[in-house]
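Colleague: What shape does this take:
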Amino acid sequence: MRHANKKKILDRKKAPRKALLRGLATSLVLYEKIKTTQAKAKVLRPFIEKLITKGKSNNLQARRALKRVLYQDNAVKKVLEVISPRYKERQGGYTRIIKLGARTGDAAKMAIIEFV
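Modeller: So this is what the prediction gives:
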């Protein structure tokens, strides 16, 4: 039974979904703003916010945990040295999602996810 099991699966199996989130998270860290579909942005928000919170401690354990998730070493470095110190006093809510119109090709709802 699936009681209280509410994760979004984005019409993918586990491994492709995990790879998608890792790629989106890496892009968001490097560019600080990405344009994606609204559903992907909503799934990415808690994923990236947990990484930023983990990076606040800025120790070896946090660095290794981030390296397990993010694809590029310069993304890990940016989280630890630039992004996490920016939100040192903030308890959460590091990202915002701005809704855009529909994509012309398939009418998918688009959104921009960026750091606050």
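Colleague: From now on I want contacts and neighbour counts done on CA atoms only, so please keep to that.
Modeller: Will do.
Colleague: Can you give me the distance of the residue positioned nearest the centre of the chain to Leu24?
Modeller: When Cα atoms, centre = their mean is applied to the chain, the residue found nearest the centroid is Ile48 (3.2 Å). Distance of Ile48 to Leu24, computed by Cα to Cα, to the nearest Å: 9 Å.
Colleague: circling back: can you list contacts of the helix or strand where the residue nearest to the centre of the chain lies?
Modeller: Using DSSP states H and E, Ile48 sits in helix 38-55. Applying Cα atoms under 8 Å, 6 or more residues apart in numbering, the set of residues contacting helix 38-55 from outside is 8, 10, 21, 24-25, 62-63, 66, 79-80, 83-84, 92-95, 97, 99, 109-113.
Colleague: Could you identify the helix or strand that succeeds that helix?
Modeller: That would be, after helix 38-55 and using DSSP H and E, helix 60-69.
Colleague: Just name whatever secondary elements the next helix or strand after that next one is in contact with.
Modeller: Per DSSP H and E, the first helix or strand lying C-terminal to helix 60-69 is helix 73-78. Packing partners of helix 73-78 (3 or more Cα pairs under 8 Å, 6 or more residues apart in numbering; DSSP states H and E): helix 14-31, helix 60-69.
Colleague: The next helix or strand after helix 73-78: which residues count as buried?
Modeller: Note on helix 73-78: by DSSP H and E, the next helix or strand toward the C-terminus is helix 84-86. Neighbour counts over helix 84-86 (16 or more other Cα atoms under 10 Å) mark Ser84, Pro85 as buried.
Colleague: Lovely, talk soon.
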